[in-house]
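Novice: here is a sequence with its predicted model. Questions after.
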Amino acid sequence: MAGRKAVWIEGGTFLMGSDEFYPEERPAHRVAVDGFWMDAHPVTAAEFRRFVDATGWVTVAERPPNPADYPGVDPSLLVPGSLVFRCPPHRVSLRDHRQWWAYVPGACWHRPEGPGSSLTGREDHPVTHVAWEDAEAFARWGGKSLPTEAEWEFAARGGLEGMRFVWGDEFAPGGRMLANTWQGEFPWQNLAADGFEGTSPVDAFPPNGYGLFDMPGNVWEWTADFFTSHHSADPVKACCIPKNPRLTSAPRKDAGGPPGAAIPRRVVKGGSHLCAPNYCLRYRPAARQGESVDTSACHIGFRCIVRPDGAAPLSRASGTRKEHA
Ligand SMILES: [Ca+2]
Ligand SMILES: [Ca+2]
Ligand SMILES: [Cu+2]
């Protein structure tokens with residue numbers, strides 16, 4: 001991993017979002033971003049270890065949840081842990097994610113499958129089991145920031161305009177897999193035609209047009225923005241294209257509703273090794289999901305950026321921890 005730190009991303013105006021896939025990506029619209037430096041790959045487990053060694057940071061997944069934050073939840077269930085994917089032995093209903101997600105006590109960034117597991121052989125894989133707060137703390141420690149969604153998507157597109165994937169419109173040109181995704185029928189049949197059942201080394205696949213590795217697939221990546229259920233349409237006048245848009249407070253209409261809905265959600269980008277066409281075709285630059293800020297899981301990581309002088313750091317949000325069903 002030596003010698004590949006950050007890549008200068010010259011800003012520009014681009015077509016953000018897509019009208020082709022899921023509703024939250026619509027509508028495709030024009031956005032402008034200024035230039036910034038971006039980590040060439042997601043933060044690795046080894047890099048995160050250096051941060052923890054230097055700062056003593058305890059990640060959200062390692063902290064006991066405060067019962068006051070989880071009214072109605074049996075306190076005996078409020079133990080430190082994280083979400084681990086477990087491949088069911090047979091076809092299951094795609095409506096019930098408990099068939100493949102397990103809240104595993106003791107699972108965390110250095111014990112990715114829980115007690116007894118370790119990072120051995122995976123130091124150069126992306127760190128996982130990090131909540132938004134952990135990613136933000138790592139970024140600050142290094143004098144960096146988390147990218148906005150617009151910055152992330154502009155960089156992911158690598159100079160290609162309006163393409164489905166970061167390398168073009170075809171998923172596997174010439175039969176070659178260009179990202180770590182899921183082949184086979186999710187969640188029970190992991191064919192691993194791309195060579196990896198779980199996460200992969202951050203340089204296992206070719207970089208995009210800007211020299212950025214692993215933007216699509218491998219792990220979802222936290223961004224600074226709060227989640228909205230769709231994009232805003234283009235302004236009527238070309239003069240008014242949004243520049244460096246960022247959403248720094250949680251939209252009201254996303255609050256309320258089922259358990260966990262009151263916890264703010266931030267945008268994650270790029271899809272993961274668990275994304276499959278039959279369930280979640282999200283290893284694309286336009287793809288986005290809202291993730292509760294207290295969530296950590298085996299398929300979510302992050303990377304950092306550095307804006308040139310004068311760019312204000314993004315605001316901090318306080319989140320509480322939710323119950324993982
Ligand atoms: Ca794979
Ligand atoms: Ca990624
Ligand atoms: Cu997915």
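Specialist: The structure has been received and is ready for your questions. Ligands and ions are numbered 1, 2, ... in the order given.
Novice: CA atoms for contacts and neighbours, from now on please.
Specialist: OK.
Novice: give me the number of residues near residue 296?
Specialist: Residue 296 has 28 neighbours, counted by other Cα atoms under 10 Å.
Novice: again but with residue 192, I slipped
Specialist: 15.
Novice: neighbours of the closest residue in space to it that isn't next to it in sequence, how many?
Specialist: Computed as Cα to Cα, 6 or more residues apart in numbering, the closest residue to residue 192 that is not its neighbour in sequence is residue 183, at 5.9 Å. If you count neighbours by other Cα under 10 Å, residue 183 ends up with 21.
Novice: cool, residue 96 as well?
Specialist: Residue 96: 9 surrounding residues under other Cα under 10 Å.
Novice: go on, residue 131?
Specialist: That count, for residue 131 with other Cα under 10 Å as the rule, works out to 24.
Novice: quick check: which element contains the residue nearest to residue 192?
Specialist: According to DSSP states H and E, residue 183 maps onto no helix or strand at all.
Novice: state the distance from it to ligand 2.
Specialist: 16 Å (Cα to the ion, to the nearest Å).
Novice: list the contacts for that residue?
Specialist: The contact partners of residue 183, taken as Cα atoms under 8 Å, 6 or more residues apart in numbering, are 189-194, 276.
Novice: quick one, grab the pLDDT at it.
Specialist: Here, the pLDDT recorded for residue 183 equals 98.
Novice: test my guess that residue 17 contacts residue 25.
Specialist: Yes. Contact criterion Cα atoms under 8 Å: residue 17 and residue 25 qualify, at 4.9 Å.
Novice: and for the two, which residues touch both?
Specialist: Common contacts of residue 17 and residue 25, defined by Cα under 8 Å, 6+ apart, comprise 231, 286-287.
Novice: hey, what's the residue lying closest to residue 139 once chain neighbours are set aside bridged with?
Specialist: Spatial nearest neighbour of residue 139, chain neighbours left out: residue 145 (5.1 Å); criterion: Cα to Cα, 6+ apart. Under DSSP bridges, the beta-bridge partners of residue 145 are residue 305.
Novice: residue 201: which of the shared contacts of residue 17 and residue 25 is nearest?
Specialist: Nearest to residue 201 out of those is residue 287 (Cα to Cα; 22.2 Å).
Novice: what sits against that closest one?
Specialist: Each residue near residue 287 by Cα under 8 Å, 6+ apart is listed here: 17, 22, 25, 269-271.
Novice: save these as JSON lines, and put in distance to residue 116 and secondary structure too.
Specialist: Shown next, in JSON lines, are the contacts of residue 287 (distance: Cα to Cα, whole Å; DSSP: H, G, I helix; E, B strand; the rest coil):
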{"residue": "17", "distance to residue 116": "41", "secondary structure": "coil"}
{"residue": "22", "distance to residue 116": "38", "secondary structure": "coil"}
{"residue": "25", "distance to residue 116": "39", "secondary structure": "helix"}
{"residue": "269", "distance to residue 116": "30", "secondary structure": "strand"}
{"residue": "270", "distance to residue 116": "30", "secondary structure": "coil"}
{"residue": "271", "distance to residue 116": "27", "secondary structure": "coil"}
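Novice: out of those residues, who's nearest ligand 3?
Specialist: Nearest to ligand 3 among those is residue 271, at 5.0 Å by Cα to the ion.
Novice: now do the SS call for residue 234.
Specialist: Following DSSP: H, G, I helix; E, B strand; the rest coil, residue 234 is assigned to coil.
Novice: residue 26 is in contact with that one, correct?
Specialist: No. Judged on Cα under 8 Å, residue 234 makes no contact with residue 26 at a distance of 10.9 Å.
Novice: who's more crowded, those two?
Specialist: Neighbour count, other Cα under 10 Å: between residue 234 and residue 26, residue 26 has more, with 20 against 16.
Novice: how close does that one get to ligand 1?
Specialist: 27 Å.
Novice: please apply the same query to residue 47.
Specialist: 23 Å.
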